[in-house]
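**Q** I'd like to go over a predicted model; first the sequence, then the structure.
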Amino acid sequence: MSKEIQKEEGELEYHDILLDLIKGQSKKKKDALMKILYGGECIPIELSEKATDLSTEHDFEIKAFNLPTAYEEELRKPRKVRIGAIQNSIAVSTTESVEKQRNALWAKIEKLLIAAGEMGTNIICLQEAWTMPFAFCTREKKKWMEFAEPIDGPTTKFLSKIAKKYQMVILSPILERDIKRQGQIWNTVVVIDADGEVLGFQRKTHIPRVGDFNESTYYMEGNTPHTVFETKYAKVGINICYGRHFPENWAGYGLKGAEIVFNPSATVGLLSEPLWGVEARNAAIANGYFTVAINRVGTEVFPNEFTSGNGLPSHKDFGHFYGSSFLTAPNGLRTPSLSRVRDSLLVAEVDLNQIRQVRDKWCFPMTRRLPDYAKLFNEASQLDWEPEIISKSNPQKKKK
Ligand SMILES: NC(=O)NCCC(=O)O
């Protein structure tokens, strides 16, 4: 679908419209508005010539920023890291062969990864199930299950070469074929370290049953909760899509030492867009780490009609995946969003020292009440548990 038609169909660049409105204000008002809305302003980074050429030739957007939010310390040197995110539409029609669809996505993503490498990106994450259309709405198994591959399968082999060439950590969300468990399927992110070697994997632990997101037809809740990976540049965690709705889930990654938590996702405007800018940003603030929210873009039309089971007419697509990927720092400063309709690369330079600086300032790790939460969560997880509500018929007993 052409960009013009997409825009006509209401898939407008709302974020750019908002920023243009703000830019038109006086400096004082603009600074105040940016502080309220985005926590301040990120400083654009000049794009490398090669990255610019690639983005022009292959029609994708690049937004690159420096987030100058850490102060210089006397004893610790800055820990500057360039963090990347890629959002993309599918490359060919869903009616094409599995191999043609996957190869076309490899070819498309290779250009954005090279641009990221040319921009000196250290760690980059792709979108959820990036090697295929998000076919989990169809409930069909034929064709779509053939996109599944082992953790060390062809996609990982393809990415390892790029990771090694650019010394770039690549987080690759795929549909995993678990060859050790009779070929069971998982929604999995493969962690490829900067030397091109597979460091490990994180499986999606929260599986949606909302709208057309019929993922429970394909895979179970994953068995690798809150895994944190010590990559060459930083300790990273991966919270896959639907897991972003659970603040306690984000907390788990922080408790286990993550410095950056990526949220590779696939979600559509009619369902989640009002929530999108809130959840990952709040997680960064509450847990004192960096978060990167990544969503795919485009409308993916499938050969056969399907229904959401909500009485509405059957249809052939989810609606519009609205992209809008962004990064947030521990103090709540966030980058502008990537496009709502275009293939895009985000590069953000940060100083990981800011994590400890913000935690020292706000004292959240010191003042949070983990024993209280642990007691409550443990009680609430018992099937026979009932919340106690104080009322006239159940007066509060004075603590001894
Ligand atoms: N991919 C996925 O989990 N989507 C669920 C819908 C949402 O959480 O926005």
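**A** Nice, I can see it.
**Q** who is residue 64 paired with across the strands?
**A** residue 347 (DSSP bridges).
**Q** wait, doesn't it sit right on residue 44?
**A** Yes. Residue 64 is within contact range of residue 44, at 6.7 Å (criterion: CB atoms under 8 Å). Backbone N, C-alpha and C define where each C-beta goes, glycine included.
**Q** quick one: which of those two has more around it?
**A** Neighbours per residue, other CB atoms under 10 Å: of residue 64 and residue 44, the larger number sits with residue 64, 25 against 11.
**Q** residue contacts, that one?
**A** Shown in contact with residue 64 (CB atoms under 8 Å, 6 or more residues apart in numbering): 44, 45, 46, 47, 119, 346, 347, 348, 349.
**Q** what about stretch 164-171, distance to the chain center?
**A** From the chain centre to the centre of stretch 164-171 is a distance of 18 Å (CA atoms, centre = their mean, to the nearest Å).
**Q** per-residue confidence averaged over it?
**A** Mean pLDDT, stretch 164-171: 98.
**Q** do stretch 250-259 and the ligand meet?
**A** No. Counting by CB under 6 Å from any ligand atom, the ligand has no neighbours in stretch 250-259; the shortest distance is 13.8 Å.
**Q** so which residues make contact with that stretch?
**A** 225-228, 234-237, 239, 244, 261, 283, 286-291, 352, 355.
**Q** in PDB, list the C-alpha atoms belonging to it.
**A** Taking Å, rounded to 0.1, in the frame of the first residue of the first chain, the C-alpha atoms of stretch 250-259 are listed here in PDB:
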ATOM      1  CA  TRP A 250       9.100  -5.200  34.200                       C
ATOM      2  CA  ALA A 251      10.300  -5.100  37.800                       C
ATOM      3  CA  GLY A 252      11.600  -8.700  37.500                       C
ATOM      4  CA  TYR A 253      14.200  -7.600  34.900                       C
ATOM      5  CA  GLY A 254      15.400  -4.800  37.000                       C
ATOM      6  CA  LEU A 255      15.700  -6.900  40.100                       C
ATOM      7  CA  LYS A 256      17.800  -9.400  38.100                       C
ATOM      8  CA  GLY A 257      20.200  -6.700  37.000                       C
ATOM      9  CA  ALA A 258      19.100  -5.500  33.500                       C
ATOM     10  CA  GLU A 259      20.400  -2.100  32.400                       C
END
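**Q** contacting residues around the helix ranked longest in the chain?
**A** When the chain is parsed with DSSP state H, its longest helix is helix 98-118. Residues outside helix 98-118 that contact it (CB under 8 Å, 6+ apart): 48, 50-51, 54-55, 57-58, 60, 62, 84, 86, 88, 90-92, 94, 96, 124, 126, 130-133, 143, 146-147, 155, 158-159, 162, 165-166, 168, 170, 343, 345, 347.
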